[in-house]
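Student: Give me the fold of what follows.
(2 chains)
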2 protein chains.
Amino acid sequence: MKIKLNENYKNLKESYLFSEVAKRVKAYSAEHPEAKIIRLGIGDVTLPLTASVIEAMHKATDEMGVQATFRGYAPEHGYDFIREAVAKYYLERTGVKLELDEIFVGDGAKSDIANITDLFGDNEIMLADPVYPVYMDSNLMRGRKVTLLPANEANGFLPMPPAEKKEGVIVYLCSPGNPTGAVYSAEQLSEWVKYANETGSLIIFDSAYEAYVSDGSPRSIFEIEGSRTCAIEICSLSKTAGFTGTRCGWTIIPLELEEDGRSLAKMWERRQSTKFNGVPYVVQRAAEAAISEAGRKESAESIAYYMENAKVLASVMREKGISFTGGINSPYIWLKCPGGMGSWEFFDYLLTKFGIVGTPGVGFGAEGEGYFRLTAFGSHEATLEAAERLRKGL
Amino acid sequence: MKIKLNENYKNLKESYLFSEVAKRVKAYSAEHPEAKIIRLGIGDVTLPLTASVIEAMHKATDEMGVQATFRGYAPEHGYDFIREAVAKYYLERTGVKLELDEIFVGDGAKSDIANITDLFGDNEIMLADPVYPVYMDSNLMRGRKVTLLPANEANGFLPMPPAEKKEGVIVYLCSPGNPTGAVYSAEQLSEWVKYANETGSLIIFDSAYEAYVSDGSPRSIFEIEGSRTCAIEICSLSKTAGFTGTRCGWTIIPLELEEDGRSLAKMWERRQSTKFNGVPYVVQRAAEAAISEAGRKESAESIAYYMENAKVLASVMREKGISFTGGINSPYIWLKCPGGMGSWEFFDYLLTKFGIVGTPGVGFGAEGEGYFRLTAFGSHEATLEAAERLRKGL
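Tutor: Below is the predicted model:
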């Protein structure tokens, strides 16, 4: 072929994080077939979809099997019923009022976070380090210049705006954060909003973990005054309602957001109606059920289950004097490896001494070296057993 | 804001086609409330999902409601069960053998057709005119230079390779075609494959209407010798099994396709694993059922129903001496407006004289002027009634 390929792909690093984890676990298991390995590295939910959601999916499936109620192409941005349900969810949970035209329902936060790069020209990108790799890779694929903001002990793993007022930057914020589990306060987010408005910058706010907020910290960037002129929010039901294998989320683009008379909401509408064909009808009904009153109650129980695990892990960390963040407004515990161990060193130590698998922090960025992520998505039994092993031996 | 936006969006034309159609129909209905309007402009299926598909969706929904069988994140490219089902579908229907690593399951042809532009640099794009607007717009969004190949009576609405050997071009072919319904023969596709291999060009083959092929014409570009070194195929279950509101399709990228040692399949794998999170589990099971033996039989009945409509419309065209293409291997009838009428003129004529709504051909490109699209997706009753009206008055 003589086709020119996207040269930017050459700048992507292959991530060997999870394959390397799998490789080391496999090798250990082969040598110690008797070992009962406990997996606390998992970044995926494990509890099933709740009763309301399942009921809605069965009902929608039945509708799809009958001509009178069958649905073909859906509106690319979601049926009104789901846009209205999202608006209601925001209003009741955060007090934030949204227009339906600002709510774009999609197949999950990952797609929208990555695809929204389509709308932009050559702006500087600011990301935390460590960070969710999709922010980085989707921008590298477009050849963007990325500046990293260290998230470390000094700033409580919550980078704040740089002293230098850079104009027209795109900043990604995730709160509660992945992988660190740290959550921004309203005051901190206000500083970011002020910075963005002063510099004409744009905040892309990833609220995928909003359902885990338990201490009154903001769930949405739109709780912050001034945010409607500088922020887009992307959320998902993956961690809120166990939709990782069901796929539904949304992007909120305030109608105020425009540049040179061009509306970002209109551009996204054009992007999606050209390059996306809507979320399956059954999934839209599932999502509607998930954020209904009944669905929210059920999801809260699942989240409470996970957060009980987080408490168990956090209490061991405290007992052992290991410093950590997360575990309060997040299913993630981000801990500093004890004894000055490196991330992979601690991985091997946990695996070989305790039969526990976690995720080396350095896999999320260079600043993650010396840190380690444990998650609360395991079962109670496994988590309690892991805690017991650590309590005895660490 | 001081954010740089994607300037290429300024080159997109707003399509007023379907909104203008809706506006004119509404105005006519308001003036003639008694008129029974028949819609033959619809590009969407109308028959419900079939029994096997519905059964599979119920079963998968039940699995998602129980912890032991719940599924979280799916592999981005589809579970093995669906990749294997697609491989079997190809082998049994076309004799084409595919490796599982060449099959990428996604949420439909539209997304994949548009998103595959991510992989390429600044190549010249060749498209038919008239054409499915997504080929054009997704390339304009990336600032690509597009060359149009007229599809007209002279070439049977099937553009063939240009005399000039252009190197490294990306050509989009759709067969059976939307909007014209014309289908390439094996000989014609062989000429395209030869051209592509000689010039180092790439064919993106849209086979979304393959299930409508009835006369032995190729269903897949991979039936053509030499295609594995110059073609990607994108297909969908939308028109095959009524999945327009359920969303599943696939992209086939042969392992041979590489440029400068870089594999296109690997690049697409990287694109999708960064910017997409897989098709919902219930939809993957629905798709598996749709292309199972039982599912194929059921879909064939739905397609036969639509094609019976196509026959009815085609016979009226013949009776009235109106020249047309399509209707044999396609649910679309692409007709030349009688009496030298323009597309919109004929639209108004059909609407006001017969109460029939179709789609003006010029909406699909300048070469569509003077043409008109009718579809077979209506009910038998409505289609027969439309035929009767036309028979009497046209």
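Student: List the contacts of residue A:338.
Tutor: A:320-322, A:346, A:394 (Cβ atoms under 8 Å, 6 or more residues apart in numbering or on different chains). Quick note: C-beta positions are derived from backbone N, CA and C, even for glycine.
Student: now those residues: which count as buried?
Tutor: A:322, A:346, A:394 (16 or more other Cβ atoms under 10 Å in any protein chain shown).
Student: Which one of those is nearest to chain B?
Tutor: residue A:346 (25.2 Å; Cβ to the nearest Cβ).
Student: residues near the closest residue to residue A:241 other than its chain neighbours, how many?
Tutor: Spatially, and ignoring its direct neighbours in sequence, residue A:241 is nearest to residue A:290 (3.9 Å; Cβ to Cβ, 6 or more residues apart in numbering or on different chains). Residue A:290 sits with 26 neighbouring residues when counted by other Cβ atoms under 10 Å in any protein chain shown.
Student: For the stretch 201-350 of chain A, give the residue positioned nearest to chain B.
Tutor: When scored by Cβ to the nearest Cβ, the stretch 201-350 of chain A has residue A:275 as its residue closest to chain B, at 3.6 Å.
Student: Burial check on residue A:82, number of neighbours?
Tutor: Neighbours around residue A:82, by other Cβ under 10 Å: 25.
Student: what does residue A:91 give?
Tutor: 12.
Student: give me every residue that touches it.
Tutor: Counting by Cβ under 8 Å, 6+ apart, residue A:91 has contacts A:97-98.
Student: Let's see which of the buried ones among the contacts of residue A:338 end up in helices.
Tutor: When DSSP state H defines the helices, the subset of the buried ones among the contacts of residue A:338 inside them is residue A:346.
Student: Pipe the buried ones among the contacts of residue A:338 into JSON lines and attach distance to residue B:75 and pLDDT per row.
Tutor: Output for these, formatted as JSON lines (distance: Cβ to Cβ, whole Å; pLDDT from 0 to 100):
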{"residue": "A:322", "distance to residue B:75": "35", "pLDDT": "97"}
{"residue": "A:346", "distance to residue B:75": "29", "pLDDT": "98"}
{"residue": "A:394", "distance to residue B:75": "35", "pLDDT": "85"}
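Student: Closest to residue A:123 out of the buried ones among the contacts of residue A:338?
Tutor: The nearest member of these to residue A:123, counting by Cβ to Cβ, is residue A:346 at 37.1 Å.
Student: quick one: contacts for the residue of the stretch 201-350 of chain A closest to chain B?
Tutor: Contacts of residue A:275 (Cβ under 8 Å, 6+ apart): A:115, A:118, B:110-111, B:114-115, B:134, B:138, B:141.
Student: now swap in residue A:131 and tell me
Tutor: With Cβ under 8 Å, 6+ apart, residue A:131 has these contacts: A:148, A:151, A:172, A:174, A:364-365.
Student: Strands along the stretch 1-150 of chain A, start to end?
Tutor: Counting by DSSP state E, counting those that start in this stretch, the segments of the stretch 1-150 of chain A that form strands are A:38-39, A:103-106, A:125-129, A:146-150.
Student: Tell me the confidence at the residue nearest in space to the middle of chain A?
Tutor: Residue closest to the mean C-alpha point of chain A, counted by Cα atoms, centre = their mean, is residue A:208 at 4.2 Å. pLDDT for residue A:208: 98.
Student: Could you pick out the residues of the stretch 101-250 of chain A near chain B for me?
Tutor: The stretch 101-250 of chain A has residues A:107-108, A:110-111, A:114-115, A:118-123, A:133-134, A:137-138, A:141, A:167-168, A:170, A:199-202, A:229-230, A:242, A:244-247 near chain B, with proximity defined as Cβ under 8 Å from any Cβ of the partner chain.
Student: Just the buried subset of these, please.
Tutor: A:107-108, A:110-111, A:114-115, A:118-120, A:123, A:133-134, A:137-138, A:141, A:168, A:170, A:199-202, A:230, A:242, A:244-247.
Student: Grab the longest helix from chain A for me.
Tutor: Chain A, longest helix under DSSP H: helix A:293-319.
Student: quick one: residue A:86 from chain B, how far?
Tutor: From residue A:86 over to chain B the distance is 18 Å, taken as Cβ to the nearest Cβ, to the nearest Å.
Student: That residue is in contact with residue A:98, isn't it?
Tutor: Yes: if you go by Cβ atoms under 8 Å, residue A:86 and residue A:98 touch, sitting 7.4 Å apart.
Student: residue contacts, the spatially closest residue to residue A:121 that is not a sequence neighbour?
Tutor: Closest residue in space to residue A:121, ignoring its immediate chain neighbours: residue B:4 at 3.2 Å, by Cβ to Cβ, 6+ apart. Going by Cβ under 8 Å, 6+ apart, residue B:4 touches A:120-123, A:168.
Student: Ok, residue A:305 next?
Tutor: A:47, A:380.
Student: do residue A:344 as well
Tutor: Residue A:344 touches A:360, A:362, counting by Cβ under 8 Å, 6+ apart.
Student: re the thing from before, show me how far the longest helix of chain A is from its chain's centre.
Tutor: 17 Å (Cα atoms, centre = their mean, to the nearest Å).
Student: Tell me the strands beside the next helix or strand after it, with direction?
Tutor: Counting by DSSP states H and E, the element after helix A:293-319 in chain order, helix or strand, is strand A:324-326. Applying DSSP bridges to the sheet, strand A:324-326 is found paired with strand A:332-336 (antiparallel).
Student: Perfect, I'm done here.
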